[in-house]
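**Student:** Attaching a predicted model along with its sequence, questions to come.
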Number of protein chains: 2
Amino acid sequence: MKIGIVGYGNLGKGVECAVTNSKDMELIGVFTRREPSTLKTLTQAPVYSMDCIYEKKDEIDVLILCGGSANDLPKQTAELAKHFNVIDSFDTHANIPEHFAMVNSASMEGKHISIISVGWDPGLFSLNRLYGQAILPHGHDYTFWGKGVSQGHSDAIRRIEGVQDARQYTIPVEGAMEKVRNGEHPVLSAREKHTRECFVVAKEGADLARIEEEIKTMPNYFADYDTTVHFITQEELNAHHKGIPHGGVVLRSGTTGLHDEHKHVIEYKLTLDSNPEFTSSVLTAYARAAYRLAQEGQYGCKTVFDIAPAYLHEASGEELRKKLL
Amino acid sequence: MKIGIVGYGNLGKGVECAVTNSKDMELIGVFTRREPSTLKTLTQAPVYSMDCIYEKKDEIDVLILCGGSANDLPKQTAELAKHFNVIDSFDTHANIPEHFAMVNSASMEGKHISIISVGWDPGLFSLNRLYGQAILPHGHDYTFWGKGVSQGHSDAIRRIEGVQDARQYTIPVEGAMEKVRNGEHPVLSAREKHTRECFVVAKEGADLARIEEEIKTMPNYFADYDTTVHFITQEELNAHHKGIPHGGVVLRSGTTGLHDEHKHVIEYKLTLDSNPEFTSSVLTAYARAAYRLAQEGQYGCKTVFDIAPAYLHEASGEELRKKLL
């Protein structure tokens, strides 16, 4: 199947690697709003201007959209869904229903397949919340994130006066996770679930105490958490905090039996060296599903909830039953 | 949807509880090969003879088959699949392709839906092997079982001369799991992955040393493992070892990036107080899927690989996208 990538940030590069690692896929090229000649791809894949994307329509089976959820995808996915099979990783949870409606109507009009909100959360974590609830209807859901870098929180720190650079780690509280694993289903506040650790490079002469205070009291981002602030040099940040690890845990703690006498815990845990590369790998697997659904003549917008797992795997149904069931 | 249960052992009882706990399901009755009047169900559900099952055909949307994989399901599933939508938990991994072929041909003939090998292994563990491979094609799979009771190993000990009762626990080796979690992808022998712990009640005057030796050297079951044997009284066994806990872990350890430079670990872990009740809960969720697929006019044999997750959950697609994605 022939894949096109739209947007070439961390996610686009990750998809480029994932497609290259998939024997049944071929990368047609990267589409960008930048001047194509200024981009050099990791695998020497050709770069085209977004303005030419409709000319390549017949060469592309699935477009993987690698833009951001804030500014790119809300318009782009629906526009392209009229003409292409598309996958995106739209992750603004509250706006998913609206995004779904727009993309669905575009896909129906163009008789194409679209799959939105693909990744790990939304995505694989959502799947595990669904499976958990369906199997243990009497129960409680828990999601813990981290240890990992939150780009949003890192950006919020960088906007503070006197801050030159910053990296923020979201860290799940081990004790809280242990309680859930033991089937206790505790009620947990934001503070009881996660702590926040910040590595900050201050500009010369900046007031460190004021910066620390501004971070710790920042509403929504930090005020509701126990936050630790470390001031370090730019060299230290570059040496030790340039990676983009992430991960987390989805737990379903539930009971069965006539009197709910038996406890069960389902745990799904991700430990990721590179958040964007893992998300890209999920997107690429769902591109395979989009291609196969389109081959069957299906169309409209789907989410991970609507995709039978077998569509994601290179092997045939027969092989899967023999080797993996 | 109206559910019938075939077979009333631990699994059948678990399904009875799970159906009772599902708001959108109604239990029509339990079908048994025993004399119906000798069976008392947990919820006063009616009990019918297997001989009358075809008379109830129009009252039943899905039959959940709760017999054993050794003697019941190989014939029963295919026979009933001609006339009913059916779910089974056939778990003899090596014979799944053959079982699938027979059940599929019966379901196609009767234009009904069947879903085979539903539970946690095969079942949820299989799903996680599939998702893991599809997302991280460069990687390694690991499955650890336990801590939990193995019925097969307990039975094997009971067949030894001088043994009155026994219970065997399969225990995963923590150090081996830690290596996998750290992304080391070790090559592990059977002995390095699991240990076996046996609680044995000997008959009066039996030769304990000979029993212990026979257990530890039993081919296939124990010879390839580090096995511990504890002799206890029947009272102790009854007091502390009558539960049927189980569980385990599926891990996918893989790499991404152009030079496989980033490591990722996906872990799926089950901790179950009651192995049969949890399996029953999985069966019951897939019965919902079978009902919905049949309503759509689909037919033939499926496995968990072929079922889109949304079919398992009571809520509508719209609600799922809003609340769980």
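**Tutor:** That came through fine. Numbers count the residues shown, from 1 in each chain, chains lettered A, B, ... in the order given.

**Student:** hey, which helix is longest across chain A?
**Tutor:** Identified as the longest helix of chain A according to DSSP state H is helix A:275-295.

**Student:** what helices or strands is that helix leaning on?
**Tutor:** helix A:10-20, strand A:62-65, strand A:86-87, strand A:113-115, helix B:124-135, strand B:246-256, strand B:262-272 (3 or more C-beta pairs under 8 Å, 6 or more residues apart in numbering or on different chains; DSSP states H and E). From N, CA and C alone the C-beta is placed, and that goes for glycine too.

**Student:** Just tell me which of these ends up closest to A:His194.
**Tutor:** strand B:262-272 (19.5 Å; C-beta to C-beta).

**Student:** Specify the angle between the closest one and strand A:262-272 in degrees.
**Tutor:** With axes from the mean of the first three to the mean of the last three C-alpha atoms, to 10 degrees as the basis, strand B:262-272 and strand A:262-272 are set at 180 degrees to each other.

**Student:** Strand B:262-272 pairs with which strands?
**Tutor:** Next to strand B:262-272 in the sheet, as set by DSSP bridges, lie strand A:262-272 (antiparallel), strand B:246-256 (antiparallel).

**Student:** Mind putting those strands into CSV with mean pLDDT, distance to B:Lys302 and mean neighbour count?
**Tutor:** Output for those, formatted as CSV (pLDDT from 0 to 100; distance: least, C-beta to C-beta, whole Å; neighbours: other C-beta atoms under 10 Å in any protein chain shown):
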stretch, mean pLDDT, distance to B:Lys302, mean neighbour count
strand A:262-272, 97, 22, 23
strand B:246-256, 97, 21, 24
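
**Student:** For these, could you give me CSV that also reports distance to B:Ile160?
**Tutor:** Shown next, in CSV, are the strands paired with strand B:262-272 (distance: least, C-beta to C-beta, whole Å):
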stretch, distance to B:Ile160
strand A:262-272, 30
strand B:246-256, 23
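
**Student:** Of these, give the one that comes closest to A:Ala287.
**Tutor:** Closest among the strands paired with strand B:262-272, using C-beta to C-beta: strand B:246-256, at 15.2 Å.

**Student:** now the angle from the closest one to helix B:124-135?
**Tutor:** Computed by the same axes, to 10 degrees, the angle separating strand B:246-256 from helix B:124-135 equals 0 degrees.

**Student:** got the CA positions of strand B:246-256 in CSV?
**Tutor:** Taking Å, rounded to 0.1, in the frame of the first residue of the first chain, the C-alpha atoms of strand B:246-256 are listed here in CSV:
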residue,chain,number,x,y,z
HIS,B,246,-4.9,-16.9,37.9
GLY,B,247,-3.5,-14.2,35.7
GLY,B,248,-0.4,-13.4,33.8
VAL,B,249,1.4,-10.9,31.6
VAL,B,250,1.8,-10.4,27.9
LEU,B,251,4.8,-8.2,27.0
ARG,B,252,5.9,-6.8,23.6
SER,B,253,9.3,-5.3,23.7
GLY,B,254,10.2,-3.5,20.5
THR,B,255,12.2,-0.7,18.8
THR,B,256,11.4,2.2,16.5
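
**Student:** Leaving out chain neighbours, which residue sits closest to A:Ala45?
**Tutor:** A:Leu27 (5.0 Å; C-beta to C-beta, 6 or more residues apart in numbering or on different chains).

**Student:** Just the CA trace of the host helix or strand of that neighbour, in CSV.
**Tutor:** Element membership of A:Leu27, judged by DSSP states H and E, is strand A:26-32. C-alpha atoms of strand A:26-32 as CSV (Å, rounded to 0.1, in the frame of the first residue of the first chain):
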residue,chain,number,x,y,z
GLU,A,26,5.7,2.1,0.3
LEU,A,27,6.3,5.8,1.1
ILE,A,28,5.2,8.0,-1.8
GLY,A,29,6.4,11.2,-0.2
VAL,A,30,6.1,13.9,2.4
PHE,A,31,3.8,16.9,1.8
THR,A,32,4.7,20.2,3.5
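
**Student:** Show me what counts as buried in stretch A:181-192.
**Tutor:** Using 16 or more other C-beta atoms under 10 Å in any protein chain shown as the test for burial, stretch A:181-192 gives A:181, A:183, A:185, A:188.

**Student:** ok, and which of these reach chain B?
**Tutor:** The subset of those within reach of chain B, by C-beta under 8 Å from any C-beta of the partner chain, is A:181, A:183.

**Student:** okay if I get the buried residues of stretch A:181-192 as a markdown table plus secondary structure, distance to B:Thr43 and pLDDT?
**Tutor:** Shown next, in a markdown table, are those (DSSP: H, G, I helix; E, B strand; the rest coil; distance: C-beta to C-beta, whole Å; pLDDT from 0 to 100):
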| residue | secondary structure | distance to B:Thr43 | pLDDT |
| --- | --- | --- | --- |
| A:Arg181 | helix | 31 | 95 |
| A:Gly183 | coil | 24 | 90 |
| A:His185 | coil | 25 | 89 |
| A:Leu188 | coil | 35 | 95 |
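
**Student:** of all the strands paired with strand B:262-272, which lies closest to B:Glu319?
**Tutor:** That would be strand A:262-272 among these, by C-beta to C-beta, at 20.8 Å.
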